[in-house]
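Engineer: Return a 3D structure for these sequence lines:
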Amino acid sequence: MRVAIQDDIHNAYESAAGVRRLRERVELRIFTGPFGDPGALEGFDALVANREPDDLLRASDVVSVHATLAPETRGVLDARRIGLMKPTAYLINTARGPIVDEAALVAALARGRIAGAGLDVFDREPLPAGHPLARLTNVILTPHLGWPTDEAYECFADAAADALLAYLDGRDVPRFAEQH
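Structural biologist: Purely as a prediction, here's the structure:
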């Protein structure tokens with residue numbers, strides 16, 4: 001039985017845009033909304049709530065971004081939405097930098113509007129020397145290397161093999177983002 005709610009993590013909420021890729025590894029109270037993928041939660045045996053993004057942001061202790069960058073996701077976490085987060089909340093972005101309005105995030109972090117952030121991606125990579133994010137004490141920065149796991153390497157190898165086979169068979173080569 002897979003359960004989407006697990007009480008031993010002190011009822012922490014994680015909102016995940018693009019949660020389909022995480023559902024096998026993350027067992028938290030998960031909410032989705034219009035910029036998430038409600039179908040990602042199919043197969044869970046426990047109650048999962050579907051909320052609007054604003055409600056989701058107000059309720060979450062951790063907002064973890066896992067969406068692909070597309071016109072509809074660019075800047076989706078803007079100043080208004082970041083402002084809805086709890087002062088005790090954390091924002092984690094391991095997806096694509098431009099999904100989060102970086103200037104708005106810097107302002108929120110500097111004012112203590114949210115507790116902190118963990119960022120593996122930025123608007124401009126590598127992060128320029130002297131960038132305001134690098135001066136904040138409530139931010140953990142990694143240089144776009146949070147993804148290397150055995151599972152990620154296997155996923156990339158499978159996608160590369162699928163693309164090569166499609167090319168050799170004369171079929172359209174699938175885009176990686178469409179597969180995963």
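Engineer: for residue 163, helix, strand, or coil?
Structural biologist: Put simply, residue 163 is helix when judged by DSSP: H, G, I helix; E, B strand; the rest coil.
Engineer: State the distance from it to residue 170.
Structural biologist: Separation of residue 163 from residue 170 (Cβ to Cβ, to the nearest Å) stands at 13 Å. C-beta here means a position set from N, CA and C on the backbone, and glycine is covered the same way.
Engineer: Show me which residues of stretch 134-152 are buried.
Structural biologist: Of the residues in stretch 134-152, 136, 139, 144 count as buried by neighbour count, 16 or more other Cβ atoms under 10 Å.
Engineer: Now the closest residue to residue 104 other than its chain neighbours: phi and psi?
Structural biologist: Of all residues not flanking residue 104 in the chain, residue 79 sits nearest, at 3.6 Å (Cβ to Cβ, 6 or more residues apart in numbering). Main-chain torsions, residue 79, degrees, to the nearest 10: phi -60, psi -40.
Engineer: mind listing the helices for this structure?
Structural biologist: Ranges of helices within the chain are 53-59, 79-84, 102-110, 132-135, 150-168, 176-179, based on DSSP state H.
Engineer: Buried residues of the third one, list them for me.
Structural biologist: This points to helix 102-110. 102, 104-106, 108-109.
Engineer: what's the spacing between residue 77 and residue 158?
Structural biologist: On the measure of Cβ to Cβ, residue 77 and residue 158 end up 30 Å apart.
Engineer: These two: which is more packed in?
Structural biologist: A count of neighbours by other Cβ atoms under 10 Å puts residue 77 above the other of residue 77 and residue 158, at 25 against 12.
Engineer: List the contacts of the more buried one.
Structural biologist: Applying Cβ atoms under 8 Å, 6 or more residues apart in numbering, one finds that residue 77 lies in contact with 63, 65, 91, 99-101, 104-105.
Engineer: And it, how far from residue 139?
Structural biologist: Residue 77 is 15 Å from residue 139, where distance means Cβ to Cβ.
Engineer: Show me the domain layout of the chain.
Structural biologist: Listed domain ranges for the chain are 7-146, 148-180 (source: automatic domain parsing).
Engineer: what's the average pLDDT for the shortest one?
Structural biologist: The average of the pLDDT scores along domain 148-180 is 78.
Engineer: Dihedrals phi and psi, residue 74?
Structural biologist: Per-residue torsions, residue 74: phi -60, psi 120 (degrees, to the nearest 10).
Engineer: Please verify my assumption that it contacts residue 99.
Structural biologist: Yes: counting by Cβ atoms under 8 Å, residue 74 touches residue 99, with 6.7 Å between them.
Engineer: out of the two, which sits in the busier spot?
Structural biologist: residue 99 (24 against 13).
Engineer: In contact with that one: list those residues for me.
Structural biologist: 17, 65, 67, 69, 73-77, 93.
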